[in-house]
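Enquirer: Got a sequence here, can you build the structure:
(chains A and B)
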Amino acid sequence: MTRRALAPGTPRIAIAIVFGLLAVSPPFVSSFLQALLTQAVIYAILAMSLDVVLGYIGLASLGHAAYLGLGAYSVGILATRHGAGFWVTLTVGVLLATAVAAVFGLVALRATGVYFLMITLALGMVVWGLAHRWVSLTQGDNGISGVPRPDLGLPWSFAHAIPFYYLVFTAFLVAFGVLRGIVRSPFGATLVGIRESESRMRTLGYHVWLHKYIGFIIAGGVGGFAGVLWAYDNGFVSPADLELSTSVEILLMVALGGRGTLLGPALGAGLIVFLKNLVSVYTQRWLLILGAVYIGTIVYAPEGIVGALRQWTKGERAWAGR
Amino acid sequence: MGGKVIGSILAALVLVATWGPGAAWAQKGPIKIGFLAPMTGGAAQVGKDMVNGLTMWLEEHGHIIAGRKVEVIVEDTQGQPNVALTKLRKLVESDKVQVLAGGLFAHVGYALAPKVDEYRIPMLYPVMAADDLTQRKPARWVVRTGWTSSQPSHPFGEWVVKTLGYKRVVTIGIDYAFGWEVVGGFQKTFEEAGGQIIQKLWPPLGTTDFAPYLSQVRRDADAVFALMVAASSLRFPRQYADAGLKARLPLLGGGTTFDEFVLPSLGDEAIGGISPLIYSAAIDTPVNRRFVKEYRARYGKVPSYYSESCYTTGQWINDAAKSIGGDVEDREKFLAALRKVEVPDAPRGPVKLDAYGNPIQNIYVRKVEKKDGELWNTVIQTFPAVSQFGKYKPEEFLKQPVYDRNFPPCKYC
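Expert: The predicted structure is shown next:
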């Protein structure tokens, strides 16, 4: 496999244009599209966080919705019952997700491959089960409604769609910056090394398990961060957010966009949110279209959209992670 | 599904005319109804029944309400609260609907209610039955044209003791809010009338294999009360019979255990099942006989309560709009009119709202029987004009917590 940094040029310009559009366009599109953009950006954070595990460590997790749920329920419970503000819920949500990831990591990282998949699935269902059954805390499957939009003490109100979008977009930029910094650091390079050959890295003297563990925890924490925003966006939290189908969806976002590319999963998240919500306005056959997109990706772009684009622009097979 | 034709010119007209004063004028454009239902996913067939009901009412009345053309925009919730919220936003902000209706699952109802209040657009809930939506957490802009989960259970519990003479009953309920409320309502009045719930079993949502639960059922009971939904309803009666219980313990149920949505898929094992609900396709009134016949002619099946409720919702919007001269743009007035509607001749019988926004309506005790090779819910008892609080005073009733898996507690277990 050839390993070479992407030459500056077309891809960078394309990325800059997309970021520019995301920053500028919301006030000029319909409120429905604004809502979808907000959702897409939140899911992009979530997909990027999973990409650390799937793309850089090389482990497929089917329990990532748990962290979304932990972040979201932190907001739901603290904001409606204790009137907690944004910074409190954000801190609690991220710390809780991080802590739970630290515990889950101890269990899950004993395994790899399909066993890792099954253990994370089971752990994810544990959190779902708690949300579903711990009624006194979570109100069961009725969910917690009436979560107010955050008040940061700023002159503009986040109850309106556009300021809230920019809050979410800022959060996305922060998450992207942090994750990009991590995957490009020597730590990230080590993760990629582990993905490519665990035994070689071990021989070279790296503490393989610890690297994987830290990567897993980071993914959980950022997942919780997305969950906090998700709860504020919907104003509602219910076990539906933690279902297996949500975890599968996140996994597909990463696979669709291109694992190990960070921006790829973000793109995948955007695509799926729009397919799910926008295409279903026009046809009930949206699932068919979604299915076709998945199959098309697997057949023609096994490295995801960004992977395929890289191959196309560089004329060679390219993995990210550098 | 059709009905998604959005004439942009008409939309513009509505925009321009939104705040026009006085009575309805033709130039105001159509009345737009935004309808939310699961059109894909596990509950898609129920969603279809719902849309059929509303569509049928509109087709029978030429898509005209109070002299104005009516446009229905159906949006797919996929059964997910967050998708429902997104679609709600689309219907209100992009399509500029004047009234909303629909929704199937309770959590969708709880998710939508605060948003509906925020938008200040009336929304009718024909199906979503969570008790607290019209009890402890009512929303100002939500008008329920359906029922509360525990409403049919209240008269039924007492009736089971007094008429059937069962004193000891085992309950098997699907373990989520709807199940708790249906079983809780039954337990409350059943025990107050002298009965005893001697065991409560809670299979999780989505259970299809009931063997582990059926083997636990105490054989010293007089009967079993089962609350099933959707896929569970389809499988439960067969397994109940296979476990050898049908011959020993009569099967009672919540309304959805034997509703018209599942009956055509059940076999003879369901015969004899007794359950209460706000509707039965076998209600023997001229209005309902005509409704069932027409519905069958159009859609090739017997209407379920989902269809009936959405059909009546069409009538409801019509009556309210008519009483204010079609001026649905005056939302406050429209909401007040919606709350005042009384439908004396709905297929399910007379319906009007109580002070909390939930229908006062007949509750039918239905027994599954076979007629002409088909299963029907023969009405064996009618409780007229039952409110969500049953025979209790609302203020008294609301002091107790909402029913859940541990309330009322199982005193005789």
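Enquirer: Where does pLDDT dip in chain A?
Expert: Within chain A, the ranges that satisfy pLDDT under 70 run A:1-9, A:314-322.
Enquirer: Distance-wise, check the spatially most central residue of it relative to residue A:132.
Expert: Per CA atoms, centre = their mean, the C-alpha nearest to the average position across chain A is that of residue A:46, at 1.5 Å. The gap separating residue A:46 from residue A:132 is 21 Å, by CB to CB, to the nearest Å. Any C-beta I mention is one placed from the backbone N, CA and C, and that applies to glycine too.
Enquirer: Show me what from the stretch 1-150 of chain B comes close to chain A.
Expert: B:1, B:4, B:39-40, B:75-76, B:78, B:80-83, B:85-87, B:89-90, B:93-94, B:106-107, B:110-111, B:113-115, B:130, B:132 (CB under 8 Å from any CB of the partner chain).
Enquirer: so residue A:286 touches residue A:274, yeah?
Expert: No. If you go by CB atoms under 8 Å, residue A:286 and residue A:274 don't touch, sitting 10.4 Å apart.
Enquirer: Show me which of those two is the more surrounded one.
Expert: residue A:286 (20 against 15; other CB atoms under 10 Å in any protein chain shown).
Enquirer: residues touching that one, list them.
Expert: A:275-276, A:279-280, B:40, B:76 (CB atoms under 8 Å, 6 or more residues apart in numbering or on different chains).
Enquirer: hmm, back to that, if any of the residues of the stretch 1-150 of chain B next to chain A are buried, put those into a PyMOL selection.
Expert: Entered in PyMOL, the line below selects the buried ones among these, by 16 or more other CB atoms under 10 Å in any protein chain shown:
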select buried, chain B and resi 1+39+40+75+76+78+80+81+82+83+85+86+87+89+90+93+94+106+107+110+111+113+114+115+130+132
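Enquirer: Just give me the closest of the contacts of residue A:286 to residue B:167.
Expert: Using CB to CB, residue B:40 is the member of these that sits closest to residue B:167, with 45.9 Å.
Enquirer: The closest one and residue A:283, how far apart?
Expert: 10 Å.
Enquirer: one step back: so which strand or helix has the residue nearest to the centre of chain A?
Expert: Here residue A:46 sits within helix A:31-51, counting by DSSP states H and E.
Enquirer: you'd agree residue B:379 is in a helix?
Expert: No. Residue B:379 is assigned strand when assessed by DSSP: H, G, I helix; E, B strand; the rest coil, not a helix.
Enquirer: beta partners for it?
Expert: residue B:366 (DSSP bridges).
Enquirer: need the residues of the stretch 201-322 of chain A near chain B, please.
Expert: Residues of the stretch 201-322 of chain A lying near chain B (CB under 8 Å from any CB): A:234-236, A:238-241, A:276-277, A:280-282, A:284, A:286-287.
Enquirer: Of these - the most surrounded one?
Expert: Result: residue A:238 is most packed of those (other CB under 10 Å), 31 neighbours.
Enquirer: dump the residue contacts of the spatially closest residue to it that is not a sequence neighbour.
Expert: Distances taken as CB to CB, 6 or more residues apart in numbering or on different chains place residue A:143 nearest to residue A:238, at 2.8 Å, with adjacent residues excluded. If you count contacts by CB under 8 Å, 6+ apart, residue A:143 has them with A:76, A:236-240, B:81, B:107, B:110-111.
Enquirer: For residue A:143, give me phi and psi.
Expert: Torsion angles at residue A:143 (phi, psi; degrees, to the nearest 10) stand at phi 80, psi 170.
Enquirer: cool, residue B:204 as well?
Expert: Per degrees, to the nearest 10, the backbone of residue B:204 is at phi -70, psi 160.
Enquirer: where in the stretch 1-150 of chain B is pLDDT low?
Expert: Ranges of the stretch 1-150 of chain B meeting pLDDT under 70: B:1-27.
Enquirer: now the strands for it?
Expert: B:31-37, B:64-65, B:68-76, B:99-102, B:123-125, B:142-144 (DSSP state E, counting those that start in this stretch).
Enquirer: how about the helices in chain B?
Expert: B:8-17, B:44-60, B:81-89, B:106-119, B:153-159, B:177-192, B:211-214, B:230-242, B:286-299, B:305-323, B:331-340, B:394-397 (DSSP state H).
Enquirer: mind listing what the residue at minimal distance from the centre of chain B touches?
Expert: Residue closest to the average C-alpha location in chain B (CA atoms, centre = their mean): residue B:127, at 3.2 Å. Going by CB under 8 Å, 6+ apart, residue B:127 touches B:50, B:102-104, B:146, B:306, B:309-310.
Enquirer: Those residues into JSON lines, with extra columns for distance to residue A:70 and neighbour count?
Expert: Formatted as JSON lines, those follow (distance: CB to CB, whole Å; neighbours: other CB atoms under 10 Å in any protein chain shown):
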{"residue": "B:50", "distance to residue A:70": "34", "neighbour count": "30"}
{"residue": "B:102", "distance to residue A:70": "31", "neighbour count": "31"}
{"residue": "B:103", "distance to residue A:70": "27", "neighbour count": "30"}
{"residue": "B:104", "distance to residue A:70": "28", "neighbour count": "23"}
{"residue": "B:146", "distance to residue A:70": "34", "neighbour count": "29"}
{"residue": "B:306", "distance to residue A:70": "35", "neighbour count": "27"}
{"residue": "B:309", "distance to residue A:70": "37", "neighbour count": "32"}
{"residue": "B:310", "distance to residue A:70": "38", "neighbour count": "30"}
